[in-house]
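*Asks:* okay, here's the prediction I keep looking at, along with the sequence it came from:
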Amino acid sequence: MSFLEVSDLRVEFPTSDGLVKAVDGVTFTVERGETLAIVGESGSGKTVTNLALMGLLSKRGSRLSGSAIMKGETSTLELIDLADDQMRKIRGKNIAMIFQDPMSSLHPYYTIGDQIIEAHQAHNEVDIEVSTARAIELLEMVGIPDASNRLKAFPHQFSGGMRQRVMIAMALVNSPDLLIADEPTTALDVTVQAQILKLLRELQSELKMAIILITHDLGVVAGAADRVNVMYAGKIVESARVRELYANPLMPYTHGLLASIPRMDRGHGKRLSAIAGQPPSLIALPAGCAFAPRCTFTERVAGGSDRCKSSMPALTEHTPGHFARCHLEGAKL
Amino acid sequence: MINYLARRIAISIAILFAVSFAVYLIFAILPFDPAALTCGKSCNDPGIIEANRKRLGYDLPIWTQYLIFLKGLFLGRTFGEGAATIFCPAPSFGYSFQEHACVTNSILEALPVTLSLAIGALVLWLTLGVGLGIVAARYRGRAADTGSTIFVLIGTSLPTFLTGLLLLVFVVVKWRILPYPSGNYTPLFESPLEWLNTMILPWITLAFAYAALYTRFVRNAVIETLSEDFIRTARAKGLSERVVLRKHTLRAALAPLTTMAGLDFAGLLGGAILTEAVFNLPGLGRLSLGAVIDFDLPIIVATTILAATIVIVMNLVVDILYAFIDPRVRVAA
Amino acid sequence: MSENPIVEVKNLQKFFPITSNSIFARVKGENKAVNGISFAIERGETLGLVGESGCGKSTAGRTILKLYEPTGGEIYFNGENISGYSSRRMKPLRTKMQIIFQDPYSSLNPRHSVGEIIGAAFTIHGIDSVASSKRDIKGSVQELMERVGLNPEHYNRYPHEFSGGQRQRIGIARALALRPEFIVCDEPVSALDVSIQAQVINLLDDLKGDFGLSYLFIAHDLSVVQHISDRVAVMYLGKIVEIAPTEEIYQRPHHPYTKALLSAIPIPDPVLESAREQIVLTGDLPSPANPPTGCVFNTRCWKAQARCFIEEPALQMVDQSEVACHYPE
C-alpha cells in the first residue's frame, strides 16, 4: 500500500489580478522507500504541491482542495484540512523537508545544535541530553566531522555544502517516513551537488525512507529518482519510471525539455533545440492543453491543433506505469 | 571580541576629543566676544569686560584655552584671584556668568530631569510600540492591524507640542486629574508620587510619537521576518506557532530595533526641548535653549559636548548589544 | 596563437582587501580573487571560463573590462594596453566592450522603459555616432529588439512586464546597441529556466556570427559552456588550471580538477548516469584569502604528491591542452 496517495489536489491563490491556479488537479502516489522526482520549471506548481502536503501554505492566502492520504504504521490520515495541531505532529516527524538555500533556511542566531535539538524535542518527550546525543549521531551520519564540537557552531561558520548537510541532519532527526527535498542542490556548486546527492542516496538505502525530489534539473533526476512526475502549468503532464521516461517521452513538453538540456556527452557545437515561447500565465490558462501554444506536434494530433487548443487531454496510462497527458496518445516522438 | 571592544572604546575616546575640540573651535571663531557677553546686554564698561576676559582666560590663545578647558575637565578649575576666586571642581566645563554658577552644577541639576523623562518615555514607547507592532503583524489585515495603522497615522502626524498641550488642557485644566506643572522637579527618591505626577504627562507626550514610529517599524520587521526561509524551516520542523513567533521570529525581527532605540534614546538625553518647554521641566533641553537665547557660551559648549558624548557612548552600547544578539557579528566565520 | 587577438591578459591579478568592521578600516588580508591568469581571445572566438563559485571567474571578466581596477598584470584590447587607463580614456573603448549580467531582474532599472534602457547606450556615448535623432534612436532600438526576439511594439513597456528570458534578451539588446566587438557574458543563463536557457544560448550563438562578436562566456555550468565555446578555460581559486579546445577538454581532461568537475555534472540519461563512475571530491574550496602553497588544488586532489605541496605548477602543453599540473592525466 502506498505511503501517500494524493488525488485531485488543487491550490488556488486569489490575487488582485485574478485567481492563480498554482496546482490544478494533481494526482500521484508515493511508495515507501522510493524516490519520486517532481520536475518542472518555475511556476509549474512543484513546490506549491509539496507545501500544501506539509500544511505550510497560509490558510488566508490560499484555497486548498482535494485529498492526500498518509498511511502511517498505525493510522491513516487525511492531510488536507487536517487541524493545525495535528498537522504539526506530522511535520518534522512523519514528513520532513529540506530546502534550496541552506544559508537562509537555517536561523542565523542559533547554533546548529540548538536547531537540531529543537526539532527532536518538538516530537519527543525526552531529556535534552537524549536529544543532544541524537543530534550528534545525525551530524556524524551526514558526514560532519567533530560533530560534538560543531554543535556549538553557528550556520555562518559552515560552507554551503556543510549547511545543507546540517539541514539534512535536522530533517532526519525524527526518522521521517518521507523526506521532501525541494531543489536541495540548486544553490550548490556541482562538485558539492555530487556530494549531497551521494549522501542522500546512501541515507535513503540506510534509513528506507521515501524521498520526493523537487527539481528543475533533469540531470539530477536521472541519477537520483526511481519515478518521475513532470509538471507544467500546475498539472502533471507525464509520469513514468525514470528509465522509461528518458528513453520514451510521450509528452512533447518532456521531449522538448530533454532535448533542450546542454549535454556533455553529446559533443560540442551542436545547436540546442530550444522550446519556443514562454510558459503560460497561471491566471489566464488556455482552455485546452497548456503546452499547446509552444508545442510543435499539434499538427500530428488526430483532429488537428484545434483539438489541443480547445480540449484538455486526460492523464492516461499508455504502457503500464507510464502516464501522459497528450492527444497524441502514445505516439513515438 | 575583547580586542574589538578595546579598539572600539579607544576610537570612541579619540572621537570625543575631536568633537570637543571642534565645538570649542566653532565657538571661538564665531563673531562674539565671550568676555563682552559676560557682563550683560546693556553693559559697555570696557574695564569690566577686560577684567572678565582675564578672569575667564579669554585673553589667551585658543589652543591654550582648550588645554585649560581639558585640564579643568580632569582637575577642576579656578577662576579669578583673591576674594573673587571661584573654584569649579572636576569635571569642570567652565563658569557661566549668566547663571552665576559652575556649568557642571547647572548640568547636574538638569540631567536627572532629562534622564527621568527619557527613560520613562523609552520604557513606555518600547512596550507600546513593540506590543502593538507584533499584534498588528500577527493579525495582519484584520481589525487589530487596522487599529494599529490608525494609531500610527495619528502618532506620526501629531506634533509633540500639540500632544502635550492637548494633554495639559484636558487632563490638567478640564478634568483636574493632575496638578499644573510647577516648573520644579521633585527627585524620585524624595517623593515617588510627586515625581510620577510631574513626569507622567511628559512621558505620554514623548512616547506617543515614538510609539507610533516603533509600531510601524516592528510590524514591518515581523512581517518580513515571517516570510524568511528559516521561519519556513521552523514550521517544517513541527514547532508550534508560539515558538515560531517568540523564539524564531522576534529575535531576528527586533535586533535592528536595538540600534534604533539606542540612538533615539541618545537623542532624547541631549534634551527633549519641546516637551520640556511645554511641561515647564527644568531639563537639559530647557537649559540649552536658555543658553542659546542668552549666548551663554560655556553652557552651550558643555551641552553640545555632552550630547555628542551620549551619542557616541550609546553607539558603542548598541554595537555591543548587537554583538550579543547576532552571532554573525560576534563569531568569525 | 595568432598575432592579433582581440583581448589578451597577461598575469592578471585582482585582490580585494579584507577589512575589519571598524571606523579606521584595517586591512586584515587580501582576497586573491584573480591570482595571475593569462590567456588570449581571438577575433570571432568564444572562450568559455568555468569554475565554481568563488573561483574568481566573474571578477576576471569584470577586471578585463576595467570595471574593477586590476591589482597587477596587463590587459590588451586590440593590441592596446589598457590596464593603466583612466575611466576617461576608457570611455571611447566602452562602446566596443560590453557585458551581459546574470540576473535579468536586478540589472535592469525598473523605472525605465525598455526603449529607454536599450536607447540609453546611444545617448550616453553621443547620438551622432550611431543614430542622428530621437526617431532614429527609436528605429535602431526597435530593430535591435526584433533581432533579439522581442516584440518591437513593446518599446514602451517596463522590465517587470517581461519574463526572465525576455529580460535577458533586453540585456543582450542593450549590450549590442553600440555594436561592440567583444562581450563578456557573465552567467547569462544561470538564472533562467531550462527551456529558456536553450533559447538564449542559441540567440547568443547567432548574434556572434551576425555582429562579428567575440565572447568571454563565464559560467559555472560546464555543459552550457560546451555548446557555445571554441576553447574553455577552467579556473580554481583564482588560477587557470587548464585551458584547451572545447572538444579536447571534454574528451580528454588533463587536470584532476577538470576531470572531477566534468564527472560531477549529472548526465540527463538514467542508463549512462548509473553506469558511469563518478569522482566525488571531498571537502570544500579553501579560502581565496589564504590559498594553499604549491598547487592550489592540493587540498582536494587525490593524486597530490609531496611536490604538489611545495612547487606551484605552471601551465604546460599536454597534447592540445595547457595544464597546470605536475601529474596530468
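*Replies:* Arrived safely, thanks for sending.
*Asks:* which helices and strands sit right next to the helix or strand harbouring residue B:220?
*Replies:* Under the criterion DSSP states H and E, the helix or strand holding residue B:220 is helix B:192-226. Taking 3 or more CB pairs under 8 Å, 6 or more residues apart in numbering or on different chains; DSSP states H and E as the contact definition, the neighbouring helices and strands of helix B:192-226 are helix B:103-138, helix B:143-157, helix B:160-167, helix B:250-269, helix B:273-278. The C-beta positions use only the backbone N, C-alpha and C, and glycine is treated the same way.
*Asks:* for the second one, which positions count as buried?
*Replies:* Residues of helix B:143-157 classed as buried: B:145, B:148, B:151, B:152, B:155 (neighbour count, 16 or more other CB atoms under 10 Å in any protein chain shown).
*Asks:* ok, the residues you listed vs chain A, which is closest?
*Replies:* For the buried residues of helix B:143-157, the minimum distance to chain A (CB to the nearest CB) is 12.2 Å, reached by residue B:145.
*Asks:* burial measure for residue 280, as a count.
*Replies:* With no chain named, the answer covers chain A. A total of 18 residues lie near residue A:280 under the criterion other CB atoms under 10 Å in any protein chain shown.
*Asks:* you answered for a different chain; I wanted chain C.
*Replies:* A count of nearby residues for residue C:280, using other CB under 10 Å, gives 16.
*Asks:* that one belongs to a strand?
*Replies:* No: Residue C:280: not assigned to a strand; according to DSSP: H, G, I helix; E, B strand; the rest coil it is coil.
*Asks:* surely it and residue C:261 touch.
*Replies:* No: look at residue C:280 against residue C:261 with CB atoms under 8 Å: they stay out of range, at 11.6 Å.
*Asks:* any common contacting residues for the two?
*Replies:* Listed as contacting both residue C:280 and residue C:261 by CB atoms under 8 Å, 6 or more residues apart in numbering or on different chains are residue A:191.
*Asks:* report the contact partners of the closest residue to residue C:151 other than its chain neighbours.
*Replies:* Ranked by CB to CB, 6 or more residues apart in numbering or on different chains and with sequence neighbours excluded, the top spatial neighbour of residue C:151 is residue C:145, at 7.2 Å. For residue C:145, the residues meeting the contact criterion (CB under 8 Å, 6+ apart) are C:114, C:118, C:151, C:152, C:154, C:155, C:173.
*Asks:* just the buried ones among those, please.
*Replies:* Using 16+ other CB under 10 Å as the burial test, these include C:114, C:118, C:152, C:154, C:155, C:173 as buried.
*Asks:* nearest to residue A:288 among these?
*Replies:* Within the buried ones among the contacts of residue C:145, proximity to residue A:288 (CB to CB) peaks at residue C:154, which comes in at 26.3 Å.
*Asks:* now that closest one: closest residue in space, sequence neighbours ignored.
*Replies:* Counting by CB to CB, 6+ apart, residue C:154 lies nearest to residue C:114, which is 6.2 Å off, once chain neighbours are set aside.
*Asks:* I'd say the one you found and residue C:153 touch.
*Replies:* No: under the criterion of CB under 8 Å, residue C:114 makes no contact with residue C:153, lying 10.7 Å away.
*Asks:* circling back to that earlier point, and the helices and strands packed on helix B:192-226: which comes nearest residue B:215?
*Replies:* helix B:103-138 (4.4 Å).
*Asks:* and chain A, is the closest one touching that?
*Replies:* No: no part of helix B:103-138 sits near chain A under the criterion CB under 8 Å from any CB of the partner chain; the closest distance found is 12.2 Å.
*Asks:* do stretch C:208-226 as well
*Replies:* Yes: under the criterion of CB under 8 Å from any CB, stretch C:208-226 makes contact with chain A via C:220, C:221, C:222, C:223, C:224, C:226.
*Asks:* roughly how far apart are the residue in the stretch 51-200 of chain C positioned nearest to chain B and residue B:218?
*Replies:* Distance from chain B to each residue of the stretch 51-200 of chain C (CB to the nearest CB) is smallest for residue C:54, at 13.2 Å. The span separating residue C:54 from residue B:218 equals 37 Å under the rule CB to CB, to the nearest Å.
*Asks:* same deal with residue A:230?
*Replies:* Taking CB to CB as the criterion, residue A:230 is separated from residue B:218 by 44 Å.
*Asks:* for residue C:107, which non-adjacent residue is closest in space?
*Replies:* In space, not counting the residues next to it along the chain, residue C:107 is nearest to residue C:101; the distance is 4.1 Å by CB to CB, 6+ apart.
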